[in-house]
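S.K.: Build me a structure from this.
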Amino acid sequence: MQLTQATLITAADILAAQDPDLAAIIARWGYPPLWPRETGFPTLLKLILEQQVSLASAQATYDRLQARAGTISPESLLALDGESLRAVGFSRQKARYGRLLAEAIRSGSLDIDSLPQLSDEKVRSELQKITGIGPWTAEVYLLMVLLRPDVWPWGDVALATAAMEVKDLPARPTQAQLHALAEPWRPWRAVAARLLWHHYLNRSRPLNR
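M.R.: Okay, here's the model as predicted:
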């Protein structure tokens, strides 16, 4: 099953009926966006850039790469050497990860076009064969690209911060605590994640928009 904006709203209402804290997010900010992303190499590369940095910083690096390389593809990335990638903002480590991903797709060891037909667990397995793609990247690909309804991005700092605030916790929950907190939200954990991100992105805005 793939989430759509319509099923997202239906699932958000189901979650709100069972969890008043999630209901309060909808009451304050409305329903969250679907935030879909396109399938393929450019999105996976951008997710690697987003690891442990702000979205704005990752986007800036991605935009500079696009300006330098034109169309972003495995071939255009591999045509740039490490120095060129660092010049547009890649760290040495992320340059290596990006090249390994590009080589895997070009060689066929990662068939990125087949991922939509695979189960959640198989998608995780295929993606995490690539050095530089860990659980968080695989989960976000499942959640935002493949639009699976019941995935939960481990280690997401914004998600943990939002959960702390929404649930009025004394400290930001650990990964294990966050995982346990999300258990009652099955089979719509991807919708609960969007609600929490919606809170996180809006919380510094005034109520009267």
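S.K.: ok, now which ones touch L77?
M.R.: L45, L65, A69, L85, G98, R99, A102 (CB atoms under 8 Å, 6 or more residues apart in numbering). (Each C-beta comes from the backbone N, C-alpha and C, glycine too.)
S.K.: Count residues in the vicinity of the last one, would you?
M.R.: Looking back up the chat, that one is A102. 23 (other CB atoms under 10 Å).
S.K.: Check the second one too.
M.R.: The local packing count at L65 equals 25, with neighbours defined by other CB under 10 Å.
S.K.: how near is the residue lying closest to it once chain neighbours are set aside to D81?
M.R.: Spatial nearest neighbour of L65, excluding adjacent residues (CB to CB, 6 or more residues apart in numbering): V88 at 4.9 Å. Distance, V88 to D81, using CB to CB, to the nearest Å: 12 Å.
S.K.: swap in H199?
M.R.: 42 Å.
S.K.: So which of those two has more stuff around it?
M.R.: For H199 versus D81, the count of surrounding residues by other CB under 10 Å is larger for H199: 24 against 11.
S.K.: quick one: buried residues of whichever strand or helix holds the more buried one?
M.R.: Here H199, judged by DSSP states H and E, is contained in helix 189-202. Buried residues in helix 189-202, counted by 16 or more other CB atoms under 10 Å: 189-200, 202.
S.K.: cool, and stretch 161-180?
M.R.: T161, A162, A163, M164, V166, P173, L178.
S.K.: Would you reformat these as TSV and include pLDDT?
M.R.: As requested, the buried residues of stretch 161-180 are exported to TSV (pLDDT from 0 to 100):
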residue	pLDDT
T161	96
A162	97
A163	97
M164	97
V166	97
P173	96
L178	95
